[in-house]
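> how would this look folded up:
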Amino acid sequence: MEPRISLVVPAYNEGPNLPDLVQEVEGAMSSLGEPWELLVVDDGSTDESAVLLEDLRSRQPALRVIRFARNAGQSAAFLAGFESARGEIVVTLDADLQNNPADIPELVRRLEGHDAVLGVRRRRRDTALRRVSSRLANAIRRGVTGDGLADVGCSLKAFRRETLRDLPRFTGIHRFFGTLLVWKGCRIAEVPVDHRPRRAGEAKYNVRNRAFRTLLDLLAMRWLRSRWVRYEIEE
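Down below sits the predicted model:
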């Protein structure tokens, strides 16, 4: 049976979190009663992820694995997952379990009447510095892009698959999936979701290694917005 829902999860050196991820996703998806698949995109991990994923795949037929030859980044991992997804609904989340899979059914239900549903992290379990820098980055992004979105940094999102076609392909685009859909005129809902402390492994991003990249990405989006093609068909 073809899956109706495809979950796309980039993973880079998240081996310790993968067994719990698969278990929690199984529990969340069982409540929906819909055929589903879990696409884990191994982004060139150098830890035990490959071995763990092989073992998990042998026990969970809904699990599919895409393995990069080398680390290519979160944007590439999401795009590869989108291209391989078979479901008419695509759900994205992080592998570090800070996103709670138990929120997935509500996002899928809220897709009724919408093209995308974006999670907004409530009671964030990050350091004060990360929370402040995130609020500042979101404010700057809204000013530059005009998207009006609350929290593009939350990876927990649900999309109708057709909305993800023909996305621009550049490093950093994963931060702006919602922005691009706003520009396309898609119907978008934002839903509060749980945010949990990291259980194992190390965070891949921090204020120092993300600030400059985010600035470059914003400049790219500003250019893209200035060149965005708009038209209205009268007849």
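
> Counting by contacts, list what the longest helix anywhere in the chain packs against.
Assignment by DSSP state H gives helix 207-226 as the longest helix of the chain. Other helices and strands packing on helix 207-226, by 3 or more CB pairs under 8 Å, 6 or more residues apart in numbering; DSSP states H and E, are helix 128-145. C-beta coordinates here come from the backbone N, C-alpha and C atoms, glycine included.

> Now the element after the helix it packs on, going C-ward?
strand 157-160 (DSSP states H and E).

> Extract the C-alpha trace of whatever helix or strand comes next after that next one and format it as PDB.
Once the chain leaves strand 157-160, the next helix or strand it forms, by DSSP H and E, is helix 177-183. Only the C-alpha atoms of helix 177-183 are listed here, as PDB (Å, rounded to 0.1, in the frame of the first residue of the first chain):
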ATOM      1  CA  PHE A 177      10.200  26.900   3.100                       C
ATOM      2  CA  GLY A 178       7.400  28.800   4.800                       C
ATOM      3  CA  THR A 179       8.500  32.100   3.300                       C
ATOM      4  CA  LEU A 180       8.500  30.700  -0.200                       C
ATOM      5  CA  LEU A 181       5.000  29.300   0.200                       C
ATOM      6  CA  VAL A 182       3.700  32.700   1.500                       C
ATOM      7  CA  TRP A 183       5.200  34.300  -1.600                       C
END
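
> hmm, who's touching helix 177-183?
Helix 177-183 has contacts (CB atoms under 8 Å, 6 or more residues apart in numbering) with 78, 92, 115-116, 118, 141, 145, 147-149, 152, 157, 159, 163-164, 167-168, 173, 188, 221, 225, 228.

> how about 6 Å then?
The contact list for helix 177-183, computed with CB atoms under 6 Å, 6 or more residues apart in numbering, reads A116, L118, T145, D147, L149, V152, T163, W228.

> how about CSV for those residues, with neighbour count and distance to R86 added?
Shown next, in CSV, are these (neighbours: other CB atoms under 10 Å; distance: CB to CB, whole Å):
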residue, neighbour count, distance to R86
A116, 24, 19
L118, 26, 22
T145, 21, 31
D147, 19, 29
L149, 20, 28
V152, 22, 26
T163, 19, 16
W228, 10, 30
